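K.L.:
Quick one: sequence plus predicted model below, questions after.
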Amino acid sequence: MSYKLVSEPQLESPDLIVGWPGIGNVGILAVDTLRRQIEAEYLGEIEPEPFFYPNGVVIKNGILESLNFPGSRFYFKKMPGRDVMLFIGEEQPAESGSTYASGGKALEMANLVLDVAQKFGCRRVFTSGAAVSAIHHNYTPGVWAVAASSALLGEINKMRGGRYISELQGRGAQANISGLNGLLVGVAAQRGLAAACLMGEVPDYLARSPMPYPSASRSVLELISRLYDIKLDYTELDEMRRQMGDIVEQFFNQFPDEVREKISQRAQARAEAEGGEIITEEDKRWMADHIEDLFRPAEGGNDRAA
């Protein structure tokens, strides 16, 4: 199991910023947007065969030329303040029956990513993903920062300047970070690297939907831009957010009246703080049991119900 690089640039103590698919595709959407905005250069990739099955074939003039595999690619950019490396994985290596990366393949992938990072002198690692939270979809999502050290967490909190605060972080919540976003932070810490995961909030009732959630990606990206003092154009994310907002509203309107009412209270005030009704475990089970039905194509057509 190995990687291949197309160049070996001289980087000054770069940070590594990582994005994989996950809930709402929050992390990969944020990091890939960053890659395009800063015009990061392709550096190399992890060879896919040990981790993934082919997901298609390349055909030219009726001749099969090669197999397609999910990409796991490195990029770099020399910046005025601090150089950065980016890693974008199109898929997480998962054991049979697992949704997120797990087992030996996941650990091997994490170590290969960090091997490349340390080869170029990385000192800090940031992963990005989603934090399932009791918010309303009309809220601006906060960012829950989880770091391997209090020093790095303090730096992140200082740079956020009181913005993007997640309700989860405010309550001192405890949770498990699924897949490689959490594993990479843990393995990086074992290697002596400062590491943190930046998780944009996604409403709990959208956690199992197949939709991207660009609002959370934007919040993560805004925090990253503050960490590196760079200006980014959010026009593309904002347009995607507008389009997804219409879809989310249609989806939301399919919930039973009592569920919609309880969720809507979040738009007025945090239900716990104001003493209003909260989403019950029974409500959550209903949404989990019916989420696929709500997105199943309508009978007689190919359009999704939402």
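P.N.:
Sure, I can see it.
K.L.:
Would it be right to say that Phe126 lies in a strand?
P.N.:
Yes - when DSSP: H, G, I helix; E, B strand; the rest coil is applied, Phe126 is found to be in a strand.
K.L.:
That one touches Ala194, doesn't it?
P.N.:
No - between Phe126 and Ala194 no contact is recorded; they are 9.4 Å apart, counting by CB atoms under 8 Å. To be clear about C-beta, it is placed using only N, CA and C from the backbone, and glycine gets the same treatment.
K.L.:
Who has more neighbours out of the two?
P.N.:
The neighbour comparison of Phe126 against Ala194 (other CB atoms under 10 Å) goes to Phe126, with 28 against 20.
K.L.:
Give the buried residues for stretch 56-67.
P.N.:
For stretch 56-67, burial by neighbour count (16 or more other CB atoms under 10 Å) applies to no residue.
K.L.:
Pull that stretch out as CSV, backbone CA atoms only.
P.N.:
Extracted in CSV, the C-alpha atoms of stretch 56-67 (Å, rounded to 0.1, in the frame of the first residue of the first chain):
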residue,chain,number,x,y,z
GLY,A,56,-16.8,2.3,-13.2
VAL,A,57,-14.8,1.9,-16.3
VAL,A,58,-13.3,4.4,-18.8
ILE,A,59,-14.3,3.7,-22.4
LYS,A,60,-12.9,5.4,-25.5
ASN,A,61,-14.1,4.7,-29.0
GLY,A,62,-15.8,1.6,-27.8
ILE,A,63,-12.6,0.2,-26.2
LEU,A,64,-12.3,-0.3,-22.4
GLU,A,65,-9.2,1.6,-21.4
SER,A,66,-9.1,1.4,-17.6
LEU,A,67,-11.0,1.0,-14.4
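K.L.:
what helix or strand is Glu222 on?
P.N.:
According to DSSP states H and E, Glu222 maps onto helix 214-228.
K.L.:
and after that helix, which helix or strand comes next?
P.N.:
Reading on from helix 214-228 to the C-terminus, the next helix or strand found by DSSP H and E is helix 235-252.
K.L.:
can you map out the strands along this protein?
P.N.:
For the chain, the strands defined by DSSP state E occupy 3-5, 15-19, 41-46, 56-60, 63-68, 72-77, 84-89, 124-133, 143-147, 194-203.
K.L.:
for Leu227, what are its contacts?
P.N.:
156, 159 (CB atoms under 8 Å, 6 or more residues apart in numbering).
K.L.:
and it, how far is that from Ser150?
P.N.:
17 Å (CB to CB, to the nearest Å).
K.L.:
what's the angle between the helix holding Glu222 and strand 124-133?
P.N.:
Counting by axes from the mean of the first three to the mean of the last three CA atoms, to 10 degrees, helix 214-228 lies at 150 degrees to strand 124-133.
K.L.:
isn't Lys105 right next to Phe52, touching?
P.N.:
No - if you go by CB under 8 Å, Lys105 and Phe52 don't touch, sitting 9.1 Å apart.
K.L.:
Give the residues shared as contacts by the two.
P.N.:
Joint contacts of Lys105 and Phe52 (CB under 8 Å, 6+ apart) are Pro93.
K.L.:
Point out where the protein drops to low pLDDT.
P.N.:
1, 65, 95-103, 167-176, 267-306 (pLDDT under 70).
K.L.:
Show me how the record splits it into domains.
P.N.:
Structural domains assigned to the chain are 3-241, 255-306, following automatic domain parsing.
K.L.:
Highest mean neighbour count out of the ones you listed?
P.N.:
Counting by mean count of other CB atoms under 10 Å, domain 3-241 has the highest mean neighbour count of the domains of the chain, with a mean of 18.
K.L.:
for that one, the distance to its chain's centre please.
P.N.:
The chain centre lies 6 Å from the centre of domain 3-241; the measure is CA atoms, centre = their mean, to the nearest Å.
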